[in-house]
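Trainee: I'll drop the sequence and a predicted model, then ask my questions.
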Amino acid sequence: MNDPFSSALNSLGQNIVGVGTGANPLFAPQVTQLFGLNIPAVPIISTRDYFLTQMESWFTAIPMCTQWVILIDSYPTGLTSAMIQGLERTDSSKKGFDIDGAVNILTTYPLNKVIGCLFASNITIPNEAWGVESAIVDNNRGFIPGVLGGGRNREAPVLDIGFRETNTSFIDFVIRPWVILAAHFGLVARNPNDVSQANKNMKVNMHVMQYTRSRSGVSMIPRKIWNFYNCVPFTVNEESLEYTEEKLTVYNTRWTYSNYTVSNNLYLPIGEIINNFAQNGAPKIGNPSIFQGFKSPV
């Protein structure tokens, strides 16, 4: 037989040690029995061995859920003492909302790019949904009603991000003033080539990169990347101070965004890259030999 289904079943044996040679246990069910079909010349396959073998593959292994980082492309240029002091009541004090020093430190490269935003503690990736409802028909007796499709998420898109409290508070000297300035300037589009307009733009792009294991002795690699565009914080949770115990404090913030995408790294030859790193170390810049034969989907 030469139909695609038979070819697919037979090709499974090429990825499992012992299947093609009949080394699998004889008590294993046949693929023909599992599918309820009668296809000749299909080798006996141990479903247990097949499952365990596939779990050893990088593509189907259980991923890590604690290895992730948040990258904020840039911070608003208008996030300055002069800007917020000109809009908020400070009773003629230049100390109120004097955020320049803190912003300059907390938004630097070492605290935001090396391992992502150092202060991020947790994030909730938003759900995706659209509405469905029954088609109302008077006196439809016992018939199951038809289904009508409604609109996509009716609520505004929201990201929930928790940030750790530190001595120089990222939450109160960066996010809180950011929320206030965004309330003043809104979400309207701004001309990036006009400095006065660009300073009123509170939108930034954010990326959440989820990492997983690669191979012993090789750095972890991103398996999934969430890209959120035109993000603006609009809520900072209240703070509770108590004389009880010292503990890590995390404050929740809420962000709105215009749209998002999710990307994978399957356009890269993951298996070959990992093996190449393990055997030869990192490839030299300008030597794309490990990428030959692979095309980017972009």
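Mentor: Received it, and whenever you're ready, just let me know what you need.
Trainee: Please count neighbours and contacts with C-alpha atoms only from this point.
Mentor: Fine.
Trainee: next one: phi and psi at Met83?
Mentor: For Met83, the backbone dihedrals are phi -70, psi -50 (criterion: degrees, to the nearest 10).
Trainee: no, scratch that, I was asking about Phe185
Mentor: Torsion angles, degrees, to the nearest 10, at Phe185: phi -100, psi -20.
Trainee: And for the spatially closest residue to it that is not a sequence neighbour, the neighbour number?
Mentor: The shortest distance from Phe185 to any non-neighbouring residue, by Cα to Cα, 6 or more residues apart in numbering, is to Lys200 (6.0 Å). Residue neighbour count, defined by other Cα atoms under 10 Å, stands at 24 for Lys200.
Trainee: My read is that Lys200 contacts Gly78, right?
Mentor: Yes - Lys200 is in contact with Gly78 according to Cα atoms under 8 Å; the separation is 6.0 Å.
Trainee: before we move on, the earlier item: test for you: state the pLDDT assigned to the residue nearest to Phe185.
Mentor: At Lys200 the predicted local distance difference test score is 94.
Trainee: cool, Ser46 as well?
Mentor: What the model reports as pLDDT for Ser46 is 77.
Trainee: Please apply the same query to Val132.
Mentor: According to the per-residue confidence, Val132 scores 87 in pLDDT.
Trainee: so it is in which element?
Mentor: Here Val132 is covered by strand 130-134, with elements defined by DSSP states H and E.
Trainee: next one: Ala182
Mentor: According to DSSP H and E, Ala182 maps onto helix 176-185.
Trainee: Report all helices and strands that the next helix or strand after that helix contacts.
Mentor: Scanning forward in sequence from helix 176-185, with DSSP H and E defining helices and strands, the next element found is helix 195-198. Counting contacts by 3 or more Cα pairs under 8 Å, 6 or more residues apart in numbering; DSSP states H and E, helix 195-198 is packed against no other helix or strand.
Trainee: how far is helix 195-198 from where the chain is centred?
Mentor: Put simply, helix 195-198 sits 31 Å off its chain's centre (Cα atoms, centre = their mean, to the nearest Å).
Trainee: Mind exporting the C-alpha coordinates of it to CSV?
Mentor: What follows is helix 195-198, C-alpha atoms only, in CSV (Å, rounded to 0.1, in the frame of the first residue of the first chain):
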residue,chain,number,x,y,z
VAL,A,195,9.7,65.9,21.1
SER,A,196,6.8,67.6,22.9
GLN,A,197,4.4,64.9,21.6
ALA,A,198,6.8,62.0,22.1
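Trainee: How far away from the center of its chain is the helix holding Ala182?
Mentor: Once both centres are worked out by Cα atoms, centre = their mean, helix 176-185 turns out to sit 26 Å from its chain's centre.
Trainee: List the buried residues in that helix.
Mentor: The neighbour-count check on helix 176-185 (16 or more other Cα atoms under 10 Å) flags Arg176, Pro177, Trp178, Val179, Ile180, Leu181, Ala182 as buried.
Trainee: tell me the contacts of the residue nearest to the last one when sequence neighbours are not counted?
Mentor: Distances taken as Cα to Cα, 6+ apart place Met202 nearest to Ala182, at 5.8 Å, with adjacent residues excluded. Met202 is in contact with Pro76, Gly78, Trp178, Leu181, Ala182, Phe185, Leu187, Val232, counting by Cα atoms under 8 Å, 6 or more residues apart in numbering.
Trainee: quick one: which helix or strand includes Met202?
Mentor: Short version, using DSSP H and E: Met202 is in no helix or strand.
Trainee: Likewise for the one 3 residues further on?
Mentor: Under the criterion of DSSP H and E, Asn205 resides in strand 204-212.
Trainee: again, but for Thr253
Mentor: strand 250-256.
Trainee: What lies in contact with that strand?
Mentor: Under the criterion Cα under 8 Å, 6+ apart, residues 121, 156-165, 171, 230-239 lie in contact with strand 250-256.
Trainee: Over to stretch 221-240?
Mentor: So stretch 221-240 is contacted by 171, 175-176, 178-179, 182-183, 202-214, 251-265 (Cα under 8 Å, 6+ apart).
Trainee: quick one on the thing from earlier: would CSV of the contacts of Met202 with distance to Phe59 be doable?
Mentor: Shown next, in CSV, are the contacts of Met202 (distance: Cα to Cα, whole Å):
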residue, distance to Phe59
Pro76, 38
Gly78, 44
Trp178, 40
Leu181, 44
Ala182, 42
Phe185, 45
Leu187, 40
Val232, 34
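Trainee: I'm done for today, thanks for sticking with me.
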